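Q: below are the sequence and a predicted model for it; my questions follow.
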Number of protein chains: 2
Amino acid sequence: MARIVVKFGGTSVANVERIRQAARHVKREVEAGNEVAVVVSAMSGKTNELVGWVNEASKFHDAREYDAVVGSGEQVTAGLMAIVLSEMGIQSRSFAGWQVPIHTDDAHGAARITGIDPTMLDERLRQGWVPVITGFQGISPHQRITTLGRGGSDTSAVAVAAAVGADRCEIYTDVDGVYTTDPRIVPKAQRLSKISFEEMLEMASLGAKVLMIRSVELAMAHKVRLVVRSSFDDPEAPQLAPDGTPGIPGTLVCDEDEIMEKQIVSGVTLAKSEAKITLRDVKDKPGVAADIFGALADRSIVVDMIVQNVSDDGSVTDITFTVPDGEYEKAVDALENNKNIEYAKIVGSKGGAKISVVGVGMRSHAGVASSMFRALADKGINIQLITTSEIKTSVLIDDQYAELAVRALHTYYGLDKKNA
Amino acid sequence: MARIVVKFGGTSVANVERIRQAARHVKREVEAGNEVAVVVSAMSGKTNELVGWVNEASKFHDAREYDAVVGSGEQVTAGLMAIVLSEMGIQSRSFAGWQVPIHTDDAHGAARITGIDPTMLDERLRQGWVPVITGFQGISPHQRITTLGRGGSDTSAVAVAAAVGADRCEIYTDVDGVYTTDPRIVPKAQRLSKISFEEMLEMASLGAKVLMIRSVELAMAHKVRLVVRSSFDDPEAPQLAPDGTPGIPGTLVCDEDEIMEKQIVSGVTLAKSEAKITLRDVKDKPGVAADIFGALADRSIVVDMIVQNVSDDGSVTDITFTVPDGEYEKAVDALENNKNIEYAKIVGSKGGAKISVVGVGMRSHAGVASSMFRALADKGINIQLITTSEIKTSVLIDDQYAELAVRALHTYYGLDKKNA
């Protein structure tokens, strides 16, 4: 017997029929003797509808009222899920965030969970009930409804799992797991059976949109094992892990220690439409980088890669960074109009693609970066920028070679499906 | 300065533009120096959508979950109203039923308000804030969301008005007051400037759908003065009572004592599609009526008029009653299949119309009933049944004469608009 928290996203509860399908997954787990708590998002589209009304009501609205309005969406799905489960003969009741309660700070619209009282949930779970909890929301110290910001339902699920001491938190979504790369680019992409929290964090921030970074961070901090799986799978089918053995379908995101045989490279990710901007001959003195990126932050421009080389003689250096293509002109403008920043000239271009290889195995294997550069060179692909972290190496290349590069690296690191 | 509770129904908050229009009425009252609390319904159509989903989820759903789902509609409009008011420069915040709190019993789906804690509302009102409260809902002793049943928002508004000691409760709706009769039948129908609670109760139960009976009963019990007015009036126009003098537009529903010059008859109401059923030669002994109407109640048939004459010799009598046309066969079947009820035969027919004249003035004026019968006779209309209460006389006539009868009585009692 295990204690499981399962979370269904917006597309998995888009209408009553989908909610019924999701409920069958819950039923299977209950009948297997597990204790199950459910966390739900709003029906897909509903949150956008509510946000639209709020913006129509006023561009400058009180965030507390935004939360009161937008938080209503999850209330609807939680109630409907409890009804559907009850009809299937499973004792169930809905809990709004304030009823649990899920305490948050009062940063309305982007609140952080400060604590969850597990008493009521724990009691229901031990009695064999299935509590259905609204994701994405909680209650502030002033007893107002708060929301956690987009994708907050994953975070809710992980926090509930940590609070009730769940064995795992299963995130049901519209894909059946985390892949070695985007299967639309590389049909031979393999579903990973396991991936470490650290790798998932790098994957998530590099464009694999399966899980929100924040929920992975929280899961890592509280050692909550996450499973990414599809709600569209047949709920009554035998439960088979990606390798075909009995187990949990999908990808387990877990502590590195749980992964016996570590892949050197677990995945290849791609982010397109990156513009690069280089400041030539920037004065090499303390505070220069702070001035440059401060000027960009003031204009709310999100910077991705940053590269600075050691200068030849310690007097001037080049600094290069990337921003989304759509922010290119704004970024150049921000720098040209800031009198504190001294440089010789600005050069740059749009249309770059960032390719990254991610894997905890890199730590213990020298030469991953160099082999990556060699694999790209073999295809005649020029590398414009390089950045690295402990478990990731990223390069910026010309957009037109993006798919070719991903396929080449995917094959090079042995990630292709054997029978595809 | 007055303290006012204003309530907006579903059509008055059907979209953000309508909410803005409603808010302008609030603004006018605030700028006139009044303390104003707002009670809102869900956007029109939204409650039906939510109820539809619940029924789709399960025909036999838990009423607590029904309430959790259906109660979300008012939460949306309360938040949006608070946002719109804030943008107009009026300090405002939304309150869900559980935040006030509005305590109810735990009869989910049809809960009764057991008490309202006025502390927070009173504090906000004294500080010049406009609290916006979700209508139709409250919180049960078990901390679950409850709903009051259809039309419950009027009841919420009256209860809030009683709790905060409001001078009046203004019900903004899609009509501009209570009329002497249905203006679609009698174009000369006049808007009443005042009507007593008792008269309003008779009018409401006789088919004038402006206010829910329950809210009128509550207003009468707590002596909360009610105003029925239109949210579609120009919010910035001078406030004129129905007689054209400065005052509150619409109809004031108040204690009889406040109405100086009482009309003998205040209104004429019409209910069509009534079927009459007569049991001939029923044994005239104790318990017979209880058997008959018990048999109908067991089949959930709502009986309207009931007439029993004194029997000639104390042995047998005739009992006649009316039911909606659609229940006619069911009612006859219920009586024919009940062996406890002894009678000679059942006769009846569909297609009756009930016409009623209502007025507190009847109490002190003899002859209202007889003059009503005379007015109908003058038009050649035959009366099939008669029932009376202290302030109402009702007759059943053939459906085809219904509109003629209403117009005749409306004119006869001097209710026609002078300049129409």
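A: Now that the structure is in, tell me what you want to look at. Numbers count the residues shown, from 1 in each chain, chains lettered A, B, ... in the order given.
Q: residue farthest from the centroid of chain A?
A: Relative to the centre of chain A, and counting by Cα atoms, centre = their mean, the farthest-placed residue is A:Asp313 at 42.0 Å.
Q: state the pLDDT value of that residue.
A: We have a pLDDT of 73 for A:Asp313.
Q: A strand includes it, no?
A: No: going by DSSP: H, G, I helix; E, B strand; the rest coil, the assignment for A:Asp313 is coil, not a strand.
Q: need the strands for the stretch 301-420 of chain A, in chain order.
A: A:306-308, A:316-324, A:345-358, A:385-389, A:392-398 (DSSP state E, counting those that start in this stretch).
Q: the third one pairs with which strands, parallel or anti?
A: Paired strands of strand A:345-358, with direction, are strand A:267-283 (antiparallel), strand A:392-398 (antiparallel) (DSSP bridges).
Q: export the ones you listed as CSV, with columns for mean pLDDT and mean neighbour count.
A: Placement of C-beta: from N, CA and C, glycine included. Putting the strands paired with strand A:345-358 into CSV (pLDDT from 0 to 100; neighbours: other Cβ atoms under 10 Å in any protein chain shown) gives the following:
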stretch, mean pLDDT, mean neighbour count
strand A:267-283, 91, 20
strand A:392-398, 91, 22
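Q: next one: phi and psi at A:Thr47?
A: phi -60, psi -40 (degrees, to the nearest 10).
Q: which one is it nearest to, not counting chain neighbours?
A: A:Gly73 (5.2 Å; Cβ to Cβ, 6 or more residues apart in numbering or on different chains).
Q: helix, strand, or coil at the one you found?
A: helix.
Q: which residues touch the residue in the stretch 101-250 of chain A positioned nearest to chain B?
A: Per Cβ to the nearest Cβ, the residue of the stretch 101-250 of chain A with the smallest distance to chain B is A:Gln143, at 6.4 Å. By Cβ atoms under 8 Å, 6 or more residues apart in numbering or on different chains, the contact list for A:Gln143 reads A:98, B:99.
Q: for A:Lys330, give its distance to A:Val347.
A: Distance, A:Lys330 to A:Val347, using Cβ to Cβ, to the nearest Å: 17 Å.
Q: helices along chain A, start to end?
A: Along chain A, the segments classed as helices by DSSP state H run A:16-31, A:46-57, A:63-70, A:72-87, A:119-126, A:152-163, A:197-205, A:213-222, A:288-298, A:328-336, A:368-378, A:402-412.
Q: quick one: the fourth one to helix A:16-31, angle?
A: It refers to helix A:72-87. Interaxial angle of helix A:72-87 relative to helix A:16-31 (axes from the mean of the first three to the mean of the last three Cα atoms, to 10 degrees): 60 degrees.
Q: and helix A:72-87 with helix A:46-57, angle?
A: Angle, helix A:72-87 to helix A:46-57, by the same axes, to 10 degrees: 150 degrees.
Q: do the first one as well
A: Calculated by the same axes, to 10 degrees, helix A:16-31 forms an angle of 130 degrees with helix A:46-57.
Q: the closest residue to A:Trp129 other than its chain neighbours - how many residues pack around it?
A: Excluding its sequence neighbours, the residue lying closest to A:Trp129 (Cβ to Cβ, 6+ apart) is A:Gln91, at 4.6 Å. For A:Gln91, the neighbour count with other Cβ atoms under 10 Å in any protein chain shown is 14.
Q: who touches A:Gln91 in this structure?
A: Residues near A:Gln91 by Cβ under 8 Å, 6+ apart: A:127-130.
Q: how does it look with 10 Å?
A: Residues counted as contacts of A:Gln91 (Cβ atoms under 10 Å, 6 or more residues apart in numbering or on different chains) are A:30, A:82, A:85, A:124, A:127-131.
Q: surely the residue nearest to A:Thr47 touches A:Thr134?
A: Yes: with contact defined as Cβ atoms under 10 Å, A:Gly73 reaches A:Thr134; the gap is 8.7 Å.
Q: so chain A: which segments form each domain?
A: According to automatic domain parsing, chain A comprises the domains A:3-257, A:267-412.
Q: confidence-wise, which of those is weakest overall?
A: domain A:267-412 - the lowest mean pLDDT of the domains of chain A, at a mean of 88.
Q: what's near enough to touch the most centrally placed residue in chain A?
A: With distances taken as Cα atoms, centre = their mean, A:Met212 lies nearest the centre of chain A, 2.5 Å away. By Cβ under 10 Å, 6+ apart, A:Met212 lies in contact with A:148-155, A:158, A:171, A:204, A:218.
Q: list the contacts for the residue in the stretch 251-400 of chain A positioned nearest to chain B?
A: Nearest residue of the stretch 251-400 of chain A to chain B (Cβ to the nearest Cβ) works out as A:Ser300 at 23.6 Å. Contact analysis of A:Ser300 by Cβ under 10 Å, 6+ apart lists A:327, A:330, A:334.
Q: the second one against A:Arg299, yeah?
A: Yes: between A:Lys330 and A:Arg299 a contact is recorded at 6.1 Å, counting by Cβ under 10 Å.
Q: any idea how far the nearest residue to A:Val5 once chain neighbours are set aside is from A:Arg124?
A: Leaving aside its chain neighbours, A:Val5 sits nearest to A:Ala161 (4.0 Å; criterion: Cβ to Cβ, 6+ apart). Remark: distance between A:Ala161 and A:Arg124 (Cβ to Cβ) = 15 Å.
Q: ok, now A:Asp62?
A: Counting by Cβ to Cβ, the gap from A:Asp62 to A:Arg124 is 34 Å.
Q: can you give me the end-to-end span of stretch A:32-46?
A: 33 Å (Cα to Cα, to the nearest Å).
Q: stretch A:140-159: how far from the chain's middle?
A: Averaged C-alpha coordinates place stretch A:140-159 at 16 Å from its chain's average position (Cα atoms, centre = their mean, to the nearest Å).
Q: start to end distance for it?
A: Note: stretch A:140-159 ends 16 Å apart using Cα to Cα.
Q: buried residues, that stretch. List them.
A: Residues A:140, A:144-149, A:151-159 are the ones in stretch A:140-159 that count as buried (16 or more other Cβ atoms under 10 Å in any protein chain shown).
Q: from those residues, which is closest to A:Gly10?
A: Distance to A:Gly10, by Cβ to Cβ, is smallest for A:Ser153 among those, at 8.2 Å.
Q: which residue, other than its chain neighbours, is closest to that closest one?
A: A:Gly135 (2.9 Å).
Q: check the gap between the residue of the stretch 101-250 of chain A closest to chain B and A:His108 for me.
A: From A:Gln143 to A:His108 the distance is 13 Å (Cβ to Cβ).
Q: swap in A:Ser58?
A: Distance of A:Ser58 to A:His108, computed by Cβ to Cβ: 15 Å.
Q: again, but for A:Ser230
A: Taking Cβ to Cβ, one finds A:Ser230 at 33 Å from A:His108.
Q: which of the two has more neighbours?
A: A:His108 (21 against 16).
Q: count of neighbours near the closest residue in space to the more buried one that isn't next to it in sequence?
A: Spatially, and ignoring its direct neighbours in sequence, A:His108 is nearest to A:Ala63 (3.5 Å; Cβ to Cβ, 6+ apart). Per other Cβ under 10 Å, the neighbour tally for A:Ala63 reads 17.
Q: A:Ala63: what's it in contact with?
A: A:Ala63 touches A:54, A:106-111, A:144, A:146-147, counting by Cβ under 10 Å, 6+ apart.
Q: and what of A:Thr47?
A: A:10, A:41, A:70-74, A:136, A:147, A:150, A:153.
Q: measure it to chain B for me?
A: 12 Å (Cβ to the nearest Cβ, to the nearest Å).
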